[in-house]
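In: I would like the atomic coordinates for the input below:
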Amino acid sequence: MGANTFGSRFTLTSFGESHGTALGVVIDGCPAGVSFDEMILTKELERRRPGHHGSGQIVSGRQEADQAEILSGIFEGKTLGTPIAMIVRNQDARSQDYTQIKQQSRAGHADDMWKQKFGHSDHRGGGRSSGRETVSRVMAGAVAQMMLKQVCAPMKVIGYASQIGPLTLTAEEKAQVINKDIDSFQARFPSKNDQAVADLLKKAQEEGDSHGGVAEILITNPPAFLGQPVFHKLKSDLAQAFLSVGATNGFELGLGFESSSIKGTDFHGTREQSQYGGIRGGISTGENILLRVSFKPTSSILDVAKKGRHDPCIVTRAIPVLEAMTYLVLADHYLWSRTDRI
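Out: Predicted structure coming up:
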């Protein structure tokens, strides 16, 4: 099975299975001399784990410590420019919960697709198709964040849930996300209705049901001129990064699909530039970038959900992963931009 590497200049290679010994990542292309901030790494891994800030009742019950072991690439607190290898060990796998699916695949999952495509696969916890694979992405994203913090400190990447099931943020609430501590909300839904979302997901979990939703990523103060004008447009690489995350099924930039119903004179004939989402011609303009990704309802429903440890909604857990993928794309294009001119 190929295609376990992402990126062109700043690359990650992800490895490991959900119930294997460990999951890990090899990061290549990170320049030497980047200050390695273990607090960033620890924080991002903690944010990806189930149970952040009291959200334990609306997410999977699997509890992994996710303490990173750094194997190479760091010396005296800085990157060496050589491959950085890290792992986290699996300690709370319950493989017996997945005995039945070895013979009968779960609806909506990739169990049957992987087995038919490769002939042999690890059914425990979904193996490599499990959302647990994203721990590798978060480790790599943390390193990308460290690098970008040194070269474009004002930039921030802010992820939040803008819709979970039938509940959506208002325009006023979206306008205030930059001033909010997103992680202080149980479902990372920065609204007075956050508790209503939590109640909705608790009910779904009890009934063996699930919900989909929408996550938004806001990049403030990004560098201008990131992105190539043809095949590696910044927007296309961001779309690829986001849609590579499990359960995603749609991507939008700026006004997205809404723009299809707006006349050109109204869409382009305004001094307001936010409709473009901060990217034109595939290249960042230096304005804030607004991205949106939709998620289908979690595939584990009914008896499968009641017997196992599953999230009733992927969105809240996926936000740190989307942020990590954003940092990876931005780091990749930042390094690429250094070679755009002689």
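
In: quick one, helices of the stretch 201-342 of the chain?
Out: The residue ranges that make up the helices of the stretch 201-342 of the chain, judged by DSSP state H, counting those that start in this stretch, are 234-243, 264-268, 302-307, 315-337.

In: can you count the residues close to Thr168?
Out: With neighbours defined by other C-beta atoms under 10 Å, the count for Thr168 comes to 17. Heads up, the C-betas are built off the backbone N, CA and C, glycines and all.

In: Distance check, it against Thr13.
Out: The span separating Thr168 from Thr13 equals 37 Å under the rule C-beta to C-beta, to the nearest Å.

In: Tell me if I'm right that Ile87 and Gly24 touch.
Out: Yes: at 3.6 Å, Ile87 and Gly24 qualify as touching, with contact defined as C-beta atoms under 8 Å.

In: can you list the weak-confidence ranges in the stretch 1-150 of the chain?
Out: The stretch 1-150 of the chain contains residues with pLDDT under 70 at 51-64, 92-109, 121, 123-127.

In: which residues in it form strands?
Out: Along the stretch 1-150 of the chain, the segments classed as strands by DSSP state E, counting those that start in this stretch run 5-6, 11-16, 22-28, 69-72, 74-75, 78-79, 84-89.

In: Specify the angle between the longest one and strand 11-16 in degrees.
Out: In this case it means strand 22-28. With axes from the mean of the first three to the mean of the last three C-alpha atoms, to 10 degrees applied, the angle from strand 22-28 to strand 11-16 works out at 170 degrees.

In: which other helices and strands contact strand 22-28?
Out: Counting by 3 or more C-beta pairs under 8 Å, 6 or more residues apart in numbering; DSSP states H and E, the packing neighbours recorded for strand 22-28 are strand 11-16, strand 84-89, helix 134-151.

In: what's the most buried one of these?
Out: The highest mean neighbour count among the helices and strands packed on strand 22-28, using mean count of other C-beta atoms under 10 Å, belongs to helix 134-151: a mean of 24.

In: Out of all residues in the protein, which is the farthest from the middle?
Out: When each C-alpha in the chain is compared with the mean C-alpha position (C-alpha atoms, centre = their mean), Thr265 comes out farthest, at 35.4 Å.

In: Could you pull up the residues touching the closest residue to Arg89 other than its chain neighbours?
Out: Distances taken as C-beta to C-beta, 6 or more residues apart in numbering put Ala22 closest to Arg89, at 4.6 Å, once the chain neighbours are dropped. Taking C-beta atoms under 8 Å, 6 or more residues apart in numbering as the contact definition, Ala22 lies against 16, 87-90.

In: Please repeat the previous calculation with a cut-off of 10 Å.
Out: The contact partners of Ala22, by C-beta atoms under 10 Å, 6 or more residues apart in numbering, come to 15-16, 69, 86-91, 135.

In: try Arg292
Out: Taking C-beta under 10 Å, 6+ apart, one finds 162-163, 214-218, 242, 250-257, 277 in contact with Arg292.

In: surely Gln91 meets Arg132?
Out: No: distance between Gln91 and Arg132: 12.0 Å, which falls outside the contact criterion (C-beta atoms under 10 Å).

In: mind checking how far the closest residue to Gly73 other than its chain neighbours is from Glu46?
Out: Counting by C-beta to C-beta, 6+ apart, Ile84 is the residue found nearest to Gly73 once chain neighbours are left out, at 3.2 Å. Shown here: Ile84 relative to Glu46, a distance of 20 Å by C-beta to C-beta.

In: surely Pro223 meets Glu287?
Out: No: when contacts are counted by C-beta under 10 Å, Pro223 is not listed as touching Glu287 (11.3 Å).

In: what about Val157, how many neighbours?
Out: Here the number of neighbours of Val157 (other C-beta under 10 Å) works out to 21.

In: go on, Glu46?
Out: As a burial measure, the neighbour count of Glu46 was computed by other C-beta under 10 Å and equals 16.

In: That one and Asp66 touch, don't they?
Out: Yes: the pair Glu46 / Asp66 is scored as a contact, 7.4 Å apart, by C-beta under 10 Å.

In: Now the common contact residues for these two.
Out: Contact with both Glu46 and Asp66 is made by residues Val138, according to C-beta under 10 Å, 6+ apart.

In: residues of stretch 36-50 that come out buried?
Out: 36-37, 40-41, 44-50 (16 or more other C-beta atoms under 10 Å).
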